[in-house]
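Chemist: Predicted model and sequence below, questions to follow.
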Amino acid sequence: MSPLRKRPAPRGAIGAAFSRCSQGKRSAFIPFLVAGDPSLEATPDLLRALVAGGADVIELGVAFSDPIADGPTIQRASHRALVAGSSLSAVLGIVERHREELGVPIVLFTYYNPVHARGVEVFAAQAADSGVDGVLCVDLPPDEGLLELQPALEERGVDSIYLIAATSTRERIDRAAASSNGFVYYTARSDVTGERDDLIPTLAREVRRVRRRVRLPVAVGFGISTPEQVGEVARVAHGVVVGSSLVRLVEENAAEADLAARLERRVGELTAPLLR
Amino acid sequence: MKVRTPLAADALAPDEGGRYGVYGGRYAPETLMAPLEELSRAYDRLRRKRSFTRRLRHLLEHYVGRPTPLYFAERLTEQLGGARIYLKREDLLHTGAHKINNALGQVLLAREMGKTRIIAETGAGQHGVATATAAALLGLDCVVYMGEEDMRRQRLNVYRMQLLGAEVVAVDAGSQTLKDAINEAFRDWVASFADTHYVLGTVTGPEPYPRMVRQFHSVIGAEARRQLRRLAGTADPDVAVACVGGGSNAMGLFSAFLDRPDVLLVGVEAGGRGPDLGDHAARFAGGTLGVLHGARTLVLQDEEGQVVGTHSVSAGLDYPAVGPEHVFLHEHGQIEFTSATDQEAIDAFHLLSATEGILPALESAHAIAEVERRAPGMDGDQVILVNLSGRGDKDVESVLEYDAASGPGAPTFSSASGSGSGSAEGDDR
């Protein structure tokens, strides 16, 4: 009874989004924001801005008190969101109210504890009912996820997305690939999240190594922040994730009346290299 | 007298995934999974390697000062009027606490693995000092993460680490205590594992940390049994008591008695200011099942799964989670948990200082507080074994502040001014 059985090709809204991009011969753009930063009220407008700017899939971050995989920018955003009253309940509420209107798949990007505290069965049911398309828990590797969260999400048709890292052995890549639906997420750096001046020189080779072993689309994130970097990563990856630089834009412009417009413009700049 | 039914030996070891029943495991970001697997393999190889264990034993004896004495606390016994109280004197170890057993073991392991840099978190500073010491001894670079609030409470230990050549990095996130220091150490490690070993200081974290840290401390219980047999005429005390932050000194002591049905094992948590969430670090009283710092265990958290602040007068117990094996053993009736408040710990600090001439660490004072409650109700031929896990020199300033803030009636220091307090306000870091 191996949990590593082969899965069908992408399905659901996430799979469809990647298929559309692939038909258009381009990579998918996947922006990340922390839900509730700077406020719960502002979040729907910011999500609309992401879509208007060209998001194909949205990674919606669930704030957590102890974000061990995040650098200072997302740590601060998580803190602001928690102070503003954000929580997993609040995030599910936002998805429930706005998923249909937004029209793009939403992946919850979360630490495992908020999910665990709710109970995986309850969470899976609520996620599915709210319209959540996929769930990625940063600190839940397939070793643990297959025993707990995965079956509950699977039963309700919500995709599980696992991380693959430069340190992942072939066995671990295979396990993540066999356990994921929708796409797999390759972390471009062995580091916490955050903007970096350069991509690591071996990135293209590393992504190809993963792609050879994985049938699902491969999205790449961590340390990608400029249009140039997006363009470079898009040459080898099916999807490009940009997080910290957008979160920083929100931080620096939180008080501005045209925050959403600025965000949309920035997403437009970041997606431009994908449309050429 | 049988006080519990021990678990079978094979039920006591974690499974391959580091799970004790449903507790423990390896909940880590993918980047760290392969390094953790490598660490498990290296540890399993080295703990069976004669040259490694011989070298560790040699250093523990000649550098650290093992075995530590077992001491019959005669005046304390008389004063409390009940069970005979024996103190396992881990406070007499080099660097002043049990922490060096594990730090030295792990730094030795790191060097064998070819690592050149050591990182650690610290709360009270004892684990940081121990790790900085081991790194200095073995010639490795060392960075210690410490919450700013803890740096204020334990500034002498900060300077000690710096004297030992370590870089102490202030963590100003969150509650600025042990939990945040661990977060920051993990963030460092995720980018540095290639040349760096993370010396986690307690029996929690992802596999293999809980079993590895326990093993490096199991010498405490093993020695205590031998010494008790000689000193008290029985290897098995009626009660064994230890304070529990993450739970490393307790696991070290209790590990020798898990198969002894006559020994009641008691862990003492930090009761802090009182029973409200946020005012204490009593996970067994106020915690719920959660996943923090790589392990599934009891966590002080709200209903949304956000980890809440904790409070204890002792920095080393000021932590919202507890080692997963403790939770497993508690669930199976092997360890009883109780707590002592800040005030009870301070009182116990004074009591042991005045009756035995021993200043206990405020962490260990929580265990003494439990002895104070328990001993008078026991017979004179019964034995309580306490792990005196560390010495209190580092805490003198905290005790002074606490007593001053408590105002008149506080023992010994009642005339001091009320300028200090246990809060973060007015800190002068």
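Modeler: Received the coordinates, thanks.
Chemist: Okay, and the beta partners of the residue most central in space within chain A?
Modeler: For chain A, the residue sitting closest to the mean C-alpha position, by C-alpha atoms, centre = their mean, is residue A:59 at 3.5 Å. Residue A:59 forms beta bridges with residue A:32, residue A:107, as assigned by DSSP bridges.
Chemist: what about the chain, any weak spots by pLDDT?
Modeler: You didn't pick a chain, so chain A it is. Low-confidence segments of chain A (pLDDT under 70): A:1-11, A:276.
Chemist: think we crossed wires, I meant chain B
Modeler: Residues of chain B that meet the criterion pLDDT under 70 lie in B:408-429.
Chemist: Apply 90 and report the result again.
Modeler: Low-confidence segments of chain B, defined by pLDDT under 90: B:1-3, B:8-12, B:123-124, B:149-150, B:152-156, B:173-177, B:406-429.
Chemist: In space, what's closest to residue B:42 - neighbours in sequence excluded?
Modeler: Closest residue to residue B:42 apart from its sequence neighbours, by C-beta to C-beta, 6 or more residues apart in numbering or on different chains: residue B:113 at 5.0 Å. Where you see a C-beta, it was placed from the backbone N, CA and C, and this is true even at glycine.
Chemist: which residues touch the one you found?
Modeler: Listed by C-beta atoms under 8 Å, 6 or more residues apart in numbering or on different chains, the contact partners of residue B:113 are B:38-39, B:42, B:197.
Chemist: Please repeat the previous calculation with a cut-off of 10 Å.
Modeler: The neighbours of residue B:113, taking C-beta atoms under 10 Å, 6 or more residues apart in numbering or on different chains as the test, are B:38-39, B:41-43, B:45-46, B:197.
Chemist: For ChimeraX, what selects the buried ones among those?
Modeler: The following ChimeraX selection, which keeps only the buried ones among the contacts of residue B:113, applies the criterion 16 or more other C-beta atoms under 10 Å in any protein chain shown:
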select /B:39,42,43,46,197
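Chemist: and residue B:391, what are its bridge partners?
Modeler: Applying DSSP bridges to residue B:391 gives these bridge partners: residue B:360.
Chemist: gap between it and residue B:399?
Modeler: Relative to residue B:399, residue B:391 is positioned 13 Å away (C-beta to C-beta, to the nearest Å).
Chemist: what do these two both touch?
Modeler: Common neighbours of residue B:391 and residue B:399, counting by C-beta under 10 Å, 6+ apart, are residue B:359.
Chemist: Among the contacts of residue B:113, which one lies nearest to chain A?
Modeler: Of all the contacts of residue B:113, chain A sits closest to residue B:38, with 9.2 Å by C-beta to the nearest C-beta.
Chemist: can you confirm that closest one is in a helix?
Modeler: Yes. The secondary structure assignment for residue B:38 places it in a helix, going by DSSP: H, G, I helix; E, B strand; the rest coil.
Chemist: I figured it hits residue B:109, correct?
Modeler: No. Under the criterion of C-beta atoms under 10 Å, residue B:38 makes no contact with residue B:109, lying 11.5 Å away.
Chemist: so of the contacts of residue B:113, which ones are in strands?
Modeler: residue B:197 (DSSP state E).
Chemist: among the contacts of residue B:113, which two are most distant?
Modeler: B:45 and B:197 (14.9 Å; C-beta to C-beta).
Chemist: Check the burial of the nearest residue to residue A:89 once chain neighbours are set aside by counting its neighbours.
Modeler: By the measure of C-beta to C-beta, 6+ apart, the closest residue to residue A:89 outside its immediate chain neighbours is residue B:304, 6.3 Å from it. Residue neighbour count, defined by other C-beta atoms under 10 Å in any protein chain shown, stands at 19 for residue B:304.
Chemist: What helix or strand is residue B:304 located in?
Modeler: Residue B:304 belongs to no helix or strand when elements are defined using DSSP states H and E.
Chemist: same thing with residue B:278?
Modeler: Per DSSP H and E, there is no helix or strand for residue B:278.
Chemist: Report the contact partners of it.
Modeler: Applying C-beta under 10 Å, 6+ apart, we find residue B:278 in contact with B:175, B:272, B:286, B:300, B:302, B:308-311, B:320.
Chemist: which stretches of the stretch 201-350 of chain B form strands?
Modeler: Along the stretch 201-350 of chain B, counting by DSSP state E, counting those that start in this stretch, strands occupy B:239-243, B:264-272, B:288-292, B:295-299, B:335-341.
Chemist: Now do the same contact list for the closest residue to chain A within chain B.
Modeler: Here chain B gets closest to chain A at one residue, residue B:305, 3.0 Å apart by C-beta to the nearest C-beta. Contact partners of residue B:305, counting by C-beta under 10 Å, 6+ apart, are A:62, A:64-65, A:87-88, A:110-118, A:123, B:288, B:290-292, B:299.
Chemist: Flag every residue of the stretch 101-250 of chain B that's near chain A.
Modeler: Contacts of the stretch 101-250 of chain B with chain A, taken as C-beta under 10 Å from any C-beta of the partner chain, map to B:173-175, B:179-180, B:182-194, B:206-207.
Chemist: let's go with 7 Å and repeat that
Modeler: Within reach of chain A by C-beta under 7 Å from any C-beta of the partner chain, the stretch 101-250 of chain B has these residues: B:173-174, B:179, B:183, B:186-187, B:190-191.
Chemist: Who wins on neighbours among these?
Modeler: Using other C-beta under 10 Å as the neighbour criterion, residue B:179 leads those with 28 neighbours.
Chemist: mind listing what that one touches?
Modeler: Under the criterion of C-beta atoms under 7 Å, 6 or more residues apart in numbering or on different chains, the neighbours of residue B:179 are A:66, B:307, B:319-320.
Chemist: Among those residues, which one lies nearest to residue A:238?
Modeler: Distance ranking of those against residue A:238, using C-beta to C-beta, places residue A:66 first at 31.3 Å.
Chemist: Go ahead and confirm residue A:204 touches residue A:236.
Modeler: Yes. Look at residue A:204 against residue A:236 with C-beta atoms under 7 Å: they come within range, at 4.7 Å.
Chemist: what are the phi and psi angles of whatever residue of the stretch 101-250 of chain A ends up closest to chain B?
Modeler: Distances between the stretch 101-250 of chain A and chain B by C-beta to the nearest C-beta are smallest at residue A:117, namely 3.0 Å. Here the main-chain torsion angles of residue A:117 (degrees, to the nearest 10) amount to phi -60, psi -30.
Chemist: In space, what's closest to residue B:261 - neighbours in sequence excluded?
Modeler: Of all residues beyond its chain neighbours, the one nearest residue B:261 is residue B:2 (4.5 Å), with distances taken as C-beta to C-beta, 6+ apart.
Chemist: Mean neighbour count and distance to residue B:117 added to the strands of the stretch 201-350 of chain B, as CSV?
Modeler: Formatted as CSV, these follow (neighbours: other C-beta atoms under 10 Å in any protein chain shown; distance: least, C-beta to C-beta, whole Å):
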stretch, mean neighbour count, distance to residue B:117
strand B:239-243, 29, 31
strand B:264-272, 26, 32
strand B:288-292, 22, 25
strand B:295-299, 27, 24
strand B:335-341, 23, 36
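Chemist: Which of these sits closest to residue B:384?
Modeler: Nearest to residue B:384, of these and by C-beta to C-beta, is strand B:239-243 at 4.8 Å.
Chemist: helices or strands up against that closest one?
Modeler: Counting contacts by 3 or more C-beta pairs under 7 Å, 6 or more residues apart in numbering or on different chains; DSSP states H and E, strand B:239-243 packs against helix B:248-254, strand B:264-272, helix B:362-374, strand B:383-388.
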